Structures are given as C-alpha cells and as structure tokens.
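Colleague: I'd like to go over a predicted model; first the sequence, then the structure.
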Amino acid sequence: MFVPSTQKNIVFNRKLKYNLINNLMDKHLEHSQEQGIKFYQNFHNKGKIIMLNMLKFKDKADYTGFDAIKPNRDISGKEAYKLYMDGVSSDLDMLGSKVIFYGSSKHFLIGPEHETWDAILLVEHHSLEKFMEFAQNEAYLKNLGHRTAALEDSRLLPITKNEAYK
C-alpha cells in the first residue's frame with residue numbers, strides 16, 4: 001500500500017514522541033512514598049539486606065541545583081558517581097555496611113535488549129534500620145547531589161537471604 005511521504009512522517013513522529021515520553025517515564029532515580037512503605041513492611045526485622053544497584057551514568061554529569069558541590073570542570077556521570085561513593089564510603093563502614101561488589105556491565109544475557117546498565121553495585125546493610133540510618137546520614141545527604149548529577153537511570157532492589165538455597 002502506498003503511503004504519502006507526509007503521512008509516513010506523521011506516523012514516524014508519533015512513534016518517536018511516544019518512545020521519548022515512555023523513555024522519560026521509565027527513568028527511576030528516587031523511590032516513591034508507596035515503595036518506601038512497602039520496603040519498610042517487607043524488610044523490617046528481616047536481618048541483613050543486600051541492595052542491588054543497577055546504574056546507568058550520564059555522559060556528562062548534570063549539577064543543576066547543586067552549585068555548592070559542583071566540580072570546577074565538566075566531569076562524566078561515572079566520575080560524579082565516584083565522588084558520591086568516596087563521600088559516603090567511610091559512613092557505610094561506620095554503620096557496619098559494606099560494598100561487596102562493584103562491576104561493569106552492559107547487555108543482559110537474558111533480559112530486554114534495549115535495557116543496558118553501566119555498573120552493578122551490591123551493598124550489604126546489617127538491617128533495614130542500618131540502611132535507613134545511612135540514608136538519613138549527614139554525609140549521604142551532603143553527597144546525594146553527586147549521585148543525582150551522575151545517574152541517567154537506576155534500579156535499586158533490596159534482597160534478603162533465602163535459607164532454602166544454602
């Protein structure tokens with residue numbers, strides 16, 4: 001079937017607009033209030049929590065709204081995330097939490113082909129309460145702007161040990 005060029009452009013532009021809107025809506029950098037409540041309900045008094053962080057960095061860190069901590073030169077999102085981790089690592093240690101893995105990644109072996117991640121981070125916290133103490137810690141809050149400037153997208157999945165598979 002012949003479709004005039006202008007009709008093709010309209011269809012293409014609608015698809016492009018749809019994809020742009022959906023991609024923007026699929027970004028996850030903060031938890032919602034509902035997610036926070038579910039997290040508390042599901043992990044309160046459950047012992048150790050491993051936080052699986054899937055990270056996608058911005059090419060260039062965006063420090064809009066964070067002038068006080070903005071570096072004096074342009075840096076990558078990966079460099080900004082390193083500033084964040086450097087700023088919070090001693091407080092993680094102080095609370096008994098620790099980074100147990102940090103590695104690079106790109107494409108899933110099994111998973112959506114369009115979804116890629118730059119880094120994977122596993123952080124162990126002794127409990128939900130220790131995680132919350134960390135998330136309300138002055139050093140974390142002071143360095144949160146580096147994390148925000150660094151990330152294009154992220155996922156954070158709390159995990160507890162399942163005794164069925166030792």
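Modeller: Thanks, I have the structure now. Here the structure is a predicted model, which means the values were calculated and not measured.
Colleague: Helices of this structure, residue ranges please.
Modeller: Taking DSSP state H as the test, the helices found in the chain are 5-25, 33-43, 77-94, 128-135, 138-150.
Colleague: Distance to residue 58 for these - can I get that in TSV?
Modeller: For the C-beta atoms, the positions are set from N, CA and C on the backbone; glycine is no exception. Output for the helices of the chain, formatted as TSV (distance: least, CB to CB, whole Å):
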stretch	distance to residue 58
helix 5-25	14
helix 33-43	23
helix 77-94	4
helix 128-135	22
helix 138-150	6
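Colleague: I'd like to know which of these lies nearest to residue 63.
Modeller: When the helices of the chain are compared by CB to CB, helix 138-150 sits nearest residue 63, at 4.7 Å.
Colleague: And the contacts of that closest one?
Modeller: The contact list for helix 138-150, computed with CB atoms under 8 Å, 6 or more residues apart in numbering, reads 29, 57-58, 61-63, 65-66, 68-70, 77-81, 83-84, 87-88, 90-91, 134.
Colleague: Filter those residues down to the buried ones, ChimeraX style.
Modeller: To isolate the buried ones among the contacts of helix 138-150 in ChimeraX, judged by 16 or more other CB atoms under 10 Å, type:
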select :57,58,61,62,63,69,70,77,78,79,80,81,83,84,87,88,91,134
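Colleague: Residue 160 contacts residue 51, doesn't it?
Modeller: No - Residue 160 is not in contact with residue 51 according to CB atoms under 8 Å; the separation is 10.9 Å.
Colleague: who's more crowded, the two?
Modeller: Just comparing residue 160 and residue 51: by other CB atoms under 10 Å the higher neighbour count belongs to residue 51, 18 against 13.
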